[in-house]
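In: Task: produce atomic coordinates for the following.
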Amino acid sequence: MSDEAVIRPSRAEDGDGLSRLIARCWADYPGSVYDRHGEMAPLDDIQAYYEGMGGIHWSVIRGDRIVGCLGAAPIESDVGIAWEMTKMYVSPLQRRSGFASLLVGLAEEHAGERDAEQMILWTDTRFQTAHRFYERLGYQTDGRTRAIDDLSRSVEYFYSKRLNPAL
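Out: The predicted structure is shown next:
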């Protein structure tokens with residue numbers, strides 16, 4: 001089995017590997033409650049979930065493990081065509097490997113090819129390293145937050161970035 005990483009669209013059968021990745025990432029944040037069969041039920045068929053929204057989800061595969069992932073889908077917006085990034089995770093052992101930047105770039109390119117003018121995301125207030133990462137990539141917050149009715153009692157920050165759609 002090769003140690004080289006491959007980024008590919010996520011498949012229906014990736015649910016368990018994605019679940020292990022996300023649960024591991026959440027374990028670093030006190031108060032984050034991982035609910036695989038409730039709040040993370042879309043992992044049961046992540047491919048169909050994103051395709052149903054007109055979007056796509058990618059997985060980073062290294063060896064026999066999923067070590068990173070990110071999804072993106074179009075959303076309604078009052079600022080033109082916008083896409084939202086969701087379920088962005090990279091294994092703690094793979095951080096600073098460039099996978100996160102590659103995934104974000106892939107999502108921005110994919111959305112731009114579909115005439116998106118803006119990429120948005122919401123990120124848990126506890127994920128401070130992620131906030132710095134998004135800001136380095138040109139994402140800006142406008143101070144908006146939203147409370148999520150989930151087991152973790154999450155509060156999220158809003159971030160956005162203007163894109164240059166393909167001509």
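
In: going forward, measure contacts and count neighbours with C-alpha atoms only.
Out: Will do.

In: Identify each buried residue in stretch 130-146, please.
Out: Under the neighbour-count criterion of 16 or more other Cα atoms under 10 Å, stretch 130-146 has 130-131, 134, 139-141, 145 buried.

In: So which of the residues you listed are in helices?
Out: Per DSSP state H, helices hold the following members of the buried residues of stretch 130-146: 130-131, 134.

In: Let me know the closest of those to D14.
Out: Taking Cα to Cα as the measure, D14 lies nearest A130 of these, at 23.6 Å.

In: can you tell me which residues contact D150?
Out: Applying Cα atoms under 8 Å, 6 or more residues apart in numbering, we find D150 in contact with E39.

In: and if you look at E76?
Out: By Cα under 8 Å, 6+ apart, E76 lies in contact with A82.

In: Longest strand in this protein, please.
Out: For the chain, the longest strand by residue count, based on DSSP state E, is strand 65-75.

In: list the contacts for R153?
Out: A147.

In: Mind checking the pLDDT average for the longest helix seen in the chain?
Out: Ordering each helix of the chain by length in residues (DSSP H) puts helix 99-113 first. Per-residue pLDDT over helix 99-113 has a mean of 95.

In: how far out from the middle of the chain is it?
Out: 10 Å (Cα atoms, centre = their mean, to the nearest Å).

In: Low-confidence ranges, the chain, go.
Out: By pLDDT under 70, the low-scoring segments of the chain are 1-2, 165-167.

In: where exactly do the helices run in it?
Out: Using DSSP H, helices in the chain cover 15-26, 46-52, 99-113, 128-136.

In: Need those helices in a markdown table (columns: distance to S154).
Out: Converted to a markdown table, the helices of the chain look like this (distance: least, Cα to Cα, whole Å):
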| stretch | distance to S154 |
| --- | --- |
| helix 15-26 | 12 |
| helix 46-52 | 22 |
| helix 99-113 | 22 |
| helix 128-136 | 14 |
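
In: Looking at the ones you listed, spot the one closest to D3.
Out: Closest approach to D3 among these is made by helix 99-113 (14.1 Å; Cα to Cα).

In: what helices or strands is the closest one leaning on?
Out: Where contact means 3 or more Cα pairs under 8 Å, 6 or more residues apart in numbering; DSSP states H and E, helix 99-113 is packed against strand 65-75, strand 82-90.

In: Adding distance to T123, write those out as a markdown table.
Out: What follows is these, written out as a markdown table (distance: least, Cα to Cα, whole Å):
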| stretch | distance to T123 |
| --- | --- |
| strand 65-75 | 13 |
| strand 82-90 | 9 |
